[in-house]
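[1] Just the structure for this:
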Amino acid sequence: MIATIDWAAVGVVCVVLVIVLGLASLVARRRIIARGEPLAMVAVQRGDDGWKLGMTRLSTDCVQWFSVIGVGVRPQLVWSRGELDLGAPMPVQRAKPIGMLDPVQVECTVGDDRFTIAIAPGDYTALRSWSESAPPGLNANVA
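    Alright, predicted model coming up:
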């Protein structure tokens, strides 16, 4: 007997396989970006452009921002600890970024560059504390 191939079933299996591999790659990328550190969801807006959703990772000397969509594992934006100036949090003025439940809007400056971020209130508190504290090892031997 000759076996017949059910092409509809093969198509469904291929679609499911693509979805599973896509989700697995997102999880793997997130773990690689995190490097064991917590990540926070932060949307960035420059001028009248829409929100760009991303993940931030705090290091000892900078904040690194990675786009949610993409395959790269290098940060697209880096803000140094001493240069990042955070404004006061306020409710989001226009449309909220997709994927964020109750974010606050914060005006930021780094040198001459001005932009707005949307971040969860708890994550804003952590970012603010990080930006106002001294990095580890700085003035450690002060009497």
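
[2] count of neighbours near the closest residue to Ser80 other than its chain neighbours?
    In space, and not counting its chain neighbours, Ser80 is closest to Cys62: 5.0 Å by CB to CB, 6 or more residues apart in numbering. C-beta here means a position set from N, CA and C on the backbone, and glycine is covered the same way. Number of residues near Cys62 (other CB atoms under 10 Å) recorded here: 18.

[3] Contacts only, for Cys62.
    Cys62 makes contact with 78-81 under the criterion CB atoms under 8 Å, 6 or more residues apart in numbering.

[4] One more pass at 10 Å, please.
    75, 77-84, 135 (CB atoms under 10 Å, 6 or more residues apart in numbering).

[5] likewise Asp85?
    Residues in contact with Asp85, defined by CB under 10 Å, 6+ apart, are 79, 107-111, 114, 131.

[6] Quick one, which of the contacts of Cys62 has the minimum pLDDT?
    pLDDT is lowest at Pro135 among those; the value there is 68.

[7] before we move on, back to that, can you select the buried ones among the contacts of Cys62 for me in ChimeraX?
    Entered in ChimeraX, the line below selects the buried ones among the contacts of Cys62, by 16 or more other CB atoms under 10 Å:
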select :75,77,79,81,84
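
[8] still on that earlier bit, make a ChimeraX selection of the buried ones in the contacts of Asp85.
    For the buried members of the contacts of Asp85, the matching ChimeraX selection, counting by 16+ other CB under 10 Å, is:
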select :79,108,131
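
[9] Could you tell me which of the contacts of Asp85 belong to helices?
    Counting by DSSP state H, the part of the contacts of Asp85 found in helices is Ser131.

[10] can you redo the contacts of Asp85 as JSON lines with distance to Leu53?
    Formatted as JSON lines, these follow (distance: CB to CB, whole Å):
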{"residue": "Trp79", "distance to Leu53": "17"}
{"residue": "Glu107", "distance to Leu53": "18"}
{"residue": "Cys108", "distance to Leu53": "16"}
{"residue": "Thr109", "distance to Leu53": "21"}
{"residue": "Val110", "distance to Leu53": "20"}
{"residue": "Gly111", "distance to Leu53": "24"}
{"residue": "Arg114", "distance to Leu53": "20"}
{"residue": "Ser131", "distance to Leu53": "21"}
